[in-house]
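K.L.:
Following is a predicted model, sequence given first.
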Amino acid sequence: MSEGHKVVSPTHFPRPRGYANGIVAEGKLLFISGQIGWDSDAHIVSSDFAVQFLQALDNVIAVVREAGGGTEHIVKLLAFVTDLDAYRAARAAIGDGWRARMGNYYPAMSLVKVSGLLEPGALVEIEGVASLPK
């Protein structure tokens with residue numbers, strides 16, 4: 001967690017698993033557009049759900065780093081997925097990949113099932129908000 005950020009979790013809420021209910025943040029805001037699981041040549045990296053999810057997360061992290069921040073500055077993520085069963089089946093692999101990239105840091109997050117994404121073959125798209133150091 002970045003200095004100046006505070007996790008908010010009402011005591012009467014169930015304990016969040018893999019996300020924060022809210023984060024109070026200070027700093028410059030960076031809004032990250034939806035990132036999918038493609039590489040620098042705009043090719044979808046795999047048809048495997050976990051591989052695409054983690055590549056989309058890597059792409060979000062790359063935008064944050066380019067702006068001068070780190071993973072600890074990400075305060076909100078929104079994932080759009082085309083297949084909830086594929087997401088559920090990939091949760092262990094996604095969790096391992098998450099911890100390798102983000103440690104035990106969990107921003108406020110939502111995950112929504114959608115009927116499709118713009119890019120053919122894309123299974124997941126992740127957008128975010130980061131609060132960068134002043």
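P.N.:
Great, that's in hand. Numbers count the residues shown, from 1 in each chain.

K.L.:
which stretches of this structure have low pLDDT?
P.N.:
Across the chain, residues meeting the criterion (pLDDT under 70) sit at 1-4, 19-20, 23.

K.L.:
Could you pull out the strands in it for me?
P.N.:
6-8, 22-24, 28-36, 74-81, 108-113, 124-132 (DSSP state E).

K.L.:
From the centre of the protein outward, give me the first residue you hit.
P.N.:
Note on the chain: the residue nearest the mean C-alpha position is residue 77, at 4.5 Å, using C-alpha atoms, centre = their mean.

K.L.:
okay, the strands of the chain in CSV with distance to residue 67 next?
P.N.:
For every residue, glycine as well, the C-beta is placed using N, CA and C. Converted to CSV, the strands of the chain look like this (distance: least, C-beta to C-beta, whole Å):
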stretch, distance to residue 67
strand 6-8, 22
strand 22-24, 18
strand 28-36, 5
strand 74-81, 11
strand 108-113, 19
strand 124-132, 6
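
K.L.:
can you tell me which of those comes nearest to residue 68?
P.N.:
Distance to residue 68, taken as C-beta to C-beta, is lowest for strand 124-132 among these, at 5.9 Å.

K.L.:
what helices or strands is that closest one leaning on?
P.N.:
strand 28-36, helix 49-66, strand 74-81 (3 or more C-beta pairs under 8 Å, 6 or more residues apart in numbering; DSSP states H and E).

K.L.:
between the shortest one and strand 108-113, how many degrees?
P.N.:
Read it as strand 74-81. 10 degrees (axes from the mean of the first three to the mean of the last three C-alpha atoms, to 10 degrees).

K.L.:
Strand 74-81: how far from the chain's middle?
P.N.:
How far strand 74-81 lies from its chain's middle: 4 Å, per C-alpha atoms, centre = their mean, to the nearest Å.

K.L.:
could I have it exported to CSV, CA atoms only?
P.N.:
C-alpha atoms of strand 74-81 as CSV (Å, rounded to 0.1, in the frame of the first residue of the first chain):
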residue,chain,number,x,y,z
ILE,A,74,-3.2,1.2,-8.2
VAL,A,75,-6.4,2.0,-6.3
LYS,A,76,-9.2,0.6,-8.5
LEU,A,77,-9.5,-2.1,-11.1
LEU,A,78,-12.5,-3.2,-13.1
ALA,A,79,-12.3,-6.5,-15.1
PHE,A,80,-14.7,-7.4,-17.8
VAL,A,81,-14.7,-11.1,-18.6
